[in-house]
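# Okay, structure incoming, though there's no sequence with it:
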């Protein structure tokens, strides 16, 4: 719990366009869309991978959320696959740089604010497995 509190304190501010009450449901839908895309790419995935799928989808959603210049750009389903592909490439490049000890590369902490699992009431997620 203490670690969770420290992570919350280290979270950067959300994008300027973000209004939690208006956008939280769309963020949950985005996590579900990402999970479905990932699952479609790996239909016979091992159980371990499937257990990690919700967390992977949330982390990818968080990156897309933070990098989107506008809400419409963020929620655009027509560009989702391409944005995820670019994100995967960027993550691969960053991982290689970190392995090589590149200056200025920070270890892979991925802060999140506010989590898609938290609504205004703090209720649980209707993520990839929920409805």
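Good, I have the coordinates. All values derive from a computational prediction rather than experimental measurement.

# what sits against residue 61?
By Cβ atoms under 8 Å, 6 or more residues apart in numbering, the contact list for residue 61 reads 27, 30, 31, 34, 116. C-beta coordinates here come from the backbone N, C-alpha and C atoms, glycine included.

# can you redo these as a markdown table with pLDDT?
Output for these, formatted as a markdown table (pLDDT from 0 to 100):
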| residue | pLDDT |
| --- | --- |
| 27 | 96 |
| 30 | 97 |
| 31 | 97 |
| 34 | 97 |
| 116 | 54 |
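
# and residue 15, helix, strand or coil?
Applying DSSP: H, G, I helix; E, B strand; the rest coil to residue 15 yields a three-state assignment of coil.

# Now do it against residue 68, distance only.
To residue 68, residue 15 is 7 Å away according to Cβ to Cβ, to the nearest Å.

# could you redo the contacts of residue 61 as a markdown table and give each row secondary structure?
Listed next are these as a markdown table, based on three-state DSSP:
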| residue | secondary structure |
| --- | --- |
| 27 | helix |
| 30 | helix |
| 31 | helix |
| 34 | helix |
| 116 | coil |
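
# Mind picking the one among those that's closest to residue 76?
Checking these against residue 76 with Cβ to Cβ, the nearest one is residue 30 at 10.2 Å.

# What is the burial count for residue 16?
7 (other Cβ atoms under 10 Å).

# who's in contact with it?
Going by Cβ under 8 Å, 6+ apart, the list of residues near residue 16 is empty.
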